[in-house]
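**Q** let me see the structure of the following:
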Amino acid sequence: MSFLRKAWLPAGFALIIGLTLRIYFAVAVPIAGESKPGELSSYNDEIAHANYTDFLLKHHALPAQVEPIDAPGALQRGSFENYQPPLYYLLHSLTAALWMERDFKSIVLTGRFLSILFGILLIPVFFLIARELQLSSAAIAAGLIFLSISGILIRFQAACTNDSLFWLLIGISYWIALRLQHSERHFRYWMLFTAVVSLALYTKLSALLLIPLPLLIVLRRKSSAKLLHWGIALGCIILLTLPVWIRNLNDFGGLLPLHAGFGSPAWRMPALSSMLFSFRSLIFPWSEFWQGIIGIILISIPFIIILFFRYRNSPGQRIGFDIFSFGFVLTFIAFLWLNLQYDQAESRYLFAAWPAFALFVSRSARSVSDLWLLNGALLLPFLLFLL
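**A** Here you go, the predicted structure:
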């Protein structure tokens with residue numbers, strides 16, 4: 001009991017710091033405007049997400065006009081997110097409609113605080129996953145620390161984007177996949193998996209990465225019945241999301257109209273600068289505050305400490321291939337495919353497998369001192385704001 005109480009102290013500290021930082025960034029980050037080195041700047045997608053909601057509020061219809069982000073002046077006009085599925089924007093417009101003023105500033109601010117709300121809901125989802133996996137107190141506390149003060153989660157859970165809702169639905173989908181593996185009430189959870197993945201596809205097309213998750217169970221058990229269940233679920237998901245695919249074809253010219261937002265694809269090998277960008281943005285996604293060699297050192301320390309803890313806690317042990325590993329591999333392959341065609345090296349796209357990251361970090365801590373050190377390591381890059 002003494003260890004349990006001590007383990008929750010660093011976790012509680014991280015929760016308070018993380019919530020404080022999210023509220024601070026939601027209020028302090030300027031709305032729109034250009035990104036300037038050394039100054040807080042809004043994320044360049046934010047204006048496009050807010051414009052989508054603004055269009056819904058004014059026209060009560062989905063926008064059909066879109067231009068790619070690489071078009072001249074596209075960042076200022078902000079219509080390059082119009083190809084996105086509508087669920088987040090419907091929820092955002094309902095929230096924004098509750099405000100007396102529906103100006104652009106109010107739309108952005110309601111979007112930011114809606115993202116914080118979805119981010120807070122990640123905590124109970126992680127608890128459900130942790131309970132299913134029977135994680136130790138130290139492991140659960142480490143996972144909470146990661147969810148609280150991960151740079152990617154802080155930045156995009158305090159921004160007006162559809163990422164936070166998408167991550168919430170991803171977490172629920174992974175938990176359901178675990179239940180499919182461990183529970184005897186399979187039909188109930190197949191129905192739930194179908195419903196949640198469909199909602200995720202109404203939020204982001206990247207939710208396609210969730211559909212293969214149960215295949216790992218099918219392959220391990222070599223069960224034709226489970227394969228049939230998965231096939232039925234897939235058919236139901238396609239039917240439930242048919243309006244998304246029809247809209248994509250009619251309005252944007254393809255089932256997966258990435259070209260509508262990212263521009264024309266061109267096969268390329270990712271440059272070293274893109275790889276470095278991916279690494280830095282995985283830990284500290286505020287590129288306007290990167291500080292050369294000092295920045296690389298501060299950003300690398302948390303990565304090194306987590307890897308050291310993980311190796312120390314499982315020396316020579318074979319890492320099992322579970323649903324989370326499978327989901328990460330699928331996401332990483334999709335990330336590589338994206339970067340072979342488009343210049344989109346932001347590591348937030350890898351957070352389509354955030355439960356895998358959370359569990360990797362959670363399994364790296366085994367003592368209270370580890371938890372405090374993990375807190376310090378993840379907060380260390382935030383010193384770049386002061387430099």
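**Q** buried residues, the helix or strand of the chain with the lowest mean pLDDT. List them.
**A** In the chain, no helix or strand scores lower on mean pLDDT, DSSP states H and E than helix 74-77, which sits at a mean of 78. Under the neighbour-count criterion of 16 or more other Cβ atoms under 10 Å, helix 74-77 has Ala74, Leu75 buried. Every C-beta, even on glycine, is put in place using the N, C-alpha and C of the backbone.
**Q** leaving out chain neighbours, which residue sits closest to Phe252?
**A** In space, and not counting its chain neighbours, Phe252 is closest to Ala260: 4.4 Å by Cβ to Cβ, 6 or more residues apart in numbering.
**Q** didn't that neighbour look like it was pressed against Gly253?
**A** Yes. Assessed by Cβ atoms under 8 Å, Ala260 is found in contact with Gly253 at 7.3 Å.
**Q** more neighbours: these two, which one.
**A** A direct count of neighbours by other Cβ atoms under 10 Å for Ala260 and Gly253 places Ala260 higher, at 22 against 12.
**Q** and that one, what's its pLDDT?
**A** Here the pLDDT value assigned to Ala260 is 81.
**Q** residues contacting it?
**A** Val66, Pro68, Phe80, Asn82, Tyr83, Phe252, Gly253, Gly254 (Cβ atoms under 8 Å, 6 or more residues apart in numbering).
**Q** just confirm the fourth one contacts Ala61, I think it does.
**A** No. Distance between Asn82 and Ala61: 11.6 Å, which falls outside the contact criterion (Cβ under 8 Å).
**Q** same for the strand or helix carrying Ile154, what does it pack against?
**A** Using DSSP states H and E, Ile154 maps to helix 151-156. Judged by 3 or more Cβ pairs under 8 Å, 6 or more residues apart in numbering; DSSP states H and E, the packing partners of helix 151-156 are helix 2-28, helix 163-182, helix 272-283.
**Q** got those as a markdown table, with distance to Phe126 columns?
**A** Formatted as a markdown table, the helices and strands packed on helix 151-156 follow (distance: least, Cβ to Cβ, whole Å):
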| stretch | distance to Phe126 |
| --- | --- |
| helix 2-28 | 11 |
| helix 163-182 | 7 |
| helix 272-283 | 19 |
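**Q** go ahead and confirm Pro214 touches Ile232.
**A** No. Contact criterion Cβ under 8 Å: Pro214 and Ile232 do not qualify, at 11.3 Å.
**Q** to Ala352, which of the helices and strands packed on helix 151-156 lies closest?
**A** helix 163-182 (6.2 Å; Cβ to Cβ).
**Q** how about the closest one: buried residues?
**A** Applying 16+ other Cβ under 10 Å to helix 163-182 flags 163-181 as buried.
**Q** any idea how far it is from the chain center?
**A** 12 Å (Cα atoms, centre = their mean, to the nearest Å).
**Q** what sits against the closest residue to Ala139 other than its chain neighbours?
**A** Nearest non-adjacent residue to Ala139, counting by Cβ to Cβ, 6+ apart: Ser362, 4.3 Å away. Contact analysis of Ser362 by Cβ under 8 Å, 6+ apart lists Ala130, Leu135, Ala139, Ile140, Ala142, Gly143, Phe146.
**Q** what sits closest to the last one if chain neighbours are left out?
**A** If the residues on either side of it in the chain are set aside, Phe146 comes closest to Val361, at 4.2 Å by Cβ to Cβ, 6+ apart.
**Q** ok, that neighbour - how many residues close by?
**A** Applying other Cβ under 10 Å, I find that Val361 has 23 neighbouring residues.
**Q** in the helix or strand where it lies, what's buried?
**A** For Val361, the element it lies in under DSSP H and E is helix 354-362. For helix 354-362, a neighbour-count test (16+ other Cβ under 10 Å) marks Trp354, Pro355, Ala356, Phe357, Ala358, Leu359, Phe360, Val361, Ser362 as buried.
**Q** redo the residues you listed as TSV? Include distance to Ser115.
**A** Formatted as TSV, these follow (distance: Cβ to Cβ, whole Å):
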residue	distance to Ser115
Trp354	14
Pro355	19
Ala356	22
Phe357	19
Ala358	18
Leu359	23
Phe360	24
Val361	22
Ser362	23
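**Q** between these, which is nearest Tyr202?
**A** Among the buried residues of helix 354-362, and counting by Cβ to Cβ, the member closest to Tyr202 is Trp354, at 19.1 Å.
**Q** how many neighbours does Leu242 have?
**A** Around Leu242 there are 10 residues (other Cβ under 10 Å).
**Q** now pLDDT and distance to Val244 too, for the buried residues of helix 354-362, in JSON lines please.
**A** Conversion of the buried residues of helix 354-362 to JSON lines gives the following (pLDDT from 0 to 100; distance: Cβ to Cβ, whole Å):
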{"residue": "Trp354", "pLDDT": "97", "distance to Val244": "23"}
{"residue": "Pro355", "pLDDT": "97", "distance to Val244": "24"}
{"residue": "Ala356", "pLDDT": "95", "distance to Val244": "26"}
{"residue": "Phe357", "pLDDT": "96", "distance to Val244": "27"}
{"residue": "Ala358", "pLDDT": "96", "distance to Val244": "28"}
{"residue": "Leu359", "pLDDT": "94", "distance to Val244": "30"}
{"residue": "Phe360", "pLDDT": "93", "distance to Val244": "32"}
{"residue": "Val361", "pLDDT": "94", "distance to Val244": "33"}
{"residue": "Ser362", "pLDDT": "91", "distance to Val244": "34"}
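**Q** and which of those residues is nearest Ser325?
**A** Nearest member of those to Ser325, counting by Cβ to Cβ, is Ala356, at 6.7 Å.
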